[in-house]
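**Q** Could you look at this predicted model? Sequence included:
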Amino acid sequence: MNKTLFAYIFNKQLKAMLFVGLSVFGLILLFEFAEVSRKFPMTNASEILFVIKSSFLRVPVTFCEILHYVYFITATFSLWDLCRSHQVTIMKSSGHSPQQILFPFVSFSMLVALFWLFALHPSGIFSENLYKRSVENAEISSYEKNHNVWIDYGLNKKVIFIKELDQNKLNDFYMFDMKNSKKIMAERGEISQDATTLKNVTIIDKAGVKTYDNLHLVNTISTDLMKLLSVPPQRQTVYNLHKIYKIQNQDGVNVRLYEFTFHKLLANCATFILFALIAAIICFPISRYKTKTNIAIKVIGTSLLLRFANNMMESFSHTGIISVTLAAWAVTLVLILISISVLIWKEA
């Protein structure tokens, strides 16, 4: 494919992406404004400005979460427009193969993926942190708690589950010691200086059931691990990737939720390419021009299916049924292979 044609298709996607992206950004802003204004008072000009500022700070991270679907809409309707206007037919008659026609779409998806991973997502997390600080400065309430934290100590055969973690305060603590057939349960506790202090504790082991008002556990959760757990996984970025593996190797643990999160970051990049291939499947063969309604139904159906499959795999990962690597990559990679196979079978 010559540079002129490549640039034409590339620019067509860019313009569509900007239009769809700005439209979605505006909708998210309206929803965030409605949500924030419900939480904070607006009785004077300064409070109104605070709500507007907070709404803008909340938008980027939400936009990052749905950018995949923004690109999916862009790729699908850009390709559909090329088919509907017979431009694809003209390209094929001039000697361009379907693979060459799809090359600008795959290239654009890779560029968007890199931009999302290294710029947009970190910017969204940074904006979210600014929102957190503004809320804390306003002394409104606790901003965000970490839920359902699993810590697997591997060879030591110990697993810790914390239902809710707010800074260093915890609720519903469970430690399963498979080696000694022991289970420790506590209603609440506090982690500090490489030690965990638990309140209202129940211990179940071979000797029976014992209860304590207080229990002090040493070296259960290190200070470095505590700093990691104090930040919910969805607020981590790819630039913190080395911290996860360093802490896990240092403490000999597997923090399932966090490892899954970072594999998911990388898998999300592959999702952009996946959506480019699915867009081609939806629009091809070019001899059957589909209506906008037909295209929209397929886009929505595909998005819901992918979302459901990813959530199901995530649930399996949290419970330890499958590995975090498999959970993060399985759906995307399988669908990419299926998409390529279908395109080859259809001859694009």
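**A** Nice, thanks for sending it over.
**Q** And the strands in the stretch 1-150 of the chain?
**A** Secondary structure of the stretch 1-150 of the chain (DSSP state E, counting those that start in this stretch): strands located at 146-152.
**Q** which residues in it form helices?
**A** Counting by DSSP state H, counting those that start in this stretch, the stretch 1-150 of the chain forms helices over residues 3-39, 45-84, 87-93, 98-115, 121-137, given from the N-terminal end onward.
**Q** The longest one to helix 3-39, inter-axis angle?
**A** Helix 45-84 and helix 3-39 meet at an angle of 150 degrees, taking axes from the mean of the first three to the mean of the last three CA atoms, to 10 degrees as the criterion.
**Q** how about the helices of the stretch 1-150 of the chain, which one is nearest residue 270?
**A** helix 98-115 (7.5 Å; CB to CB). (C-beta placed from N, C-alpha, C; glycine too.)
**Q** now that closest one: how far from the chain's centre is it?
**A** Mean C-alpha position of helix 98-115 versus that of the full chain (CA atoms, centre = their mean, to the nearest Å) differs by 22 Å.
**Q** same deal with stretch 46-57?
**A** The chain centre lies 26 Å from the centre of stretch 46-57; the measure is CA atoms, centre = their mean.
**Q** one step back: turn the helices of the stretch 1-150 of the chain into CSV, columns for mean pLDDT.
**A** Below are the helices of the stretch 1-150 of the chain laid out as CSV (pLDDT from 0 to 100):
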stretch, mean pLDDT
helix 3-39, 90
helix 45-84, 88
helix 87-93, 82
helix 98-115, 90
helix 121-137, 84
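**Q** can you list the ones you listed in CSV and add distance to residue 281 and mean neighbour count?
**A** Written out in CSV, the entries for these read as follows (distance: least, CB to CB, whole Å; neighbours: other CB atoms under 10 Å):
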stretch, distance to residue 281, mean neighbour count
helix 3-39, 17, 15
helix 45-84, 10, 19
helix 87-93, 14, 15
helix 98-115, 11, 19
helix 121-137, 27, 17
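**Q** any idea how far residue 97 is from residue 5?
**A** 13 Å (CB to CB, to the nearest Å).
**Q** ok, now residue 192?
**A** 64 Å.
**Q** nearest to residue 330, of the helices of the stretch 1-150 of the chain?
**A** The closest approach between residue 330 and any of the helices of the stretch 1-150 of the chain, judged by CB to CB, belongs to helix 45-84 at 16.7 Å.
**Q** Just the angle for that closest one relative to helix 98-115, thanks.
**A** 170 degrees.
**Q** Now do helix 45-84 against helix 121-137, angle only.
**A** With the same axes, to 10 degrees defining the directions, helix 45-84 sits at 160 degrees from helix 121-137.
**Q** Which elements pack onto helix 45-84?
**A** helix 3-39, helix 98-115, helix 121-137, helix 256-283, helix 292-318 (3 or more CB pairs under 8 Å, 6 or more residues apart in numbering; DSSP states H and E).
**Q** Is it possible to get JSON lines of those helices that adds distance to residue 205?
**A** Shown next, in JSON lines, are those (distance: least, CB to CB, whole Å):
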{"stretch": "helix 3-39", "distance to residue 205": "45"}
{"stretch": "helix 98-115", "distance to residue 205": "50"}
{"stretch": "helix 121-137", "distance to residue 205": "41"}
{"stretch": "helix 256-283", "distance to residue 205": "25"}
{"stretch": "helix 292-318", "distance to residue 205": "26"}
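**Q** Mind checking those helices for the one nearest to residue 155?
**A** With CB to CB as the criterion, residue 155 lies closest to helix 256-283 of the helices and strands packed on helix 45-84, at 16.0 Å.
**Q** So which bits of the closest one are buried?
**A** Buried residues in helix 256-283, counted by 16 or more other CB atoms under 10 Å: 256-265, 267-283.
**Q** any idea of the mean pLDDT in it?
**A** In this model, helix 256-283 has an average pLDDT of 86.
**Q** And stretch 298-305, by the same measure?
**A** Throughout stretch 298-305, pLDDT has a mean value of 87.
**Q** which other residues reach it?
**A** In this structure, residues lying in contact with stretch 298-305 by CB atoms under 8 Å, 6 or more residues apart in numbering are 69, 72, 73, 76, 278, 282.
**Q** go on, stretch 205-216?
**A** For stretch 205-216, contacts defined as CB under 8 Å, 6+ apart pick out 180-184, 186, 195-203.
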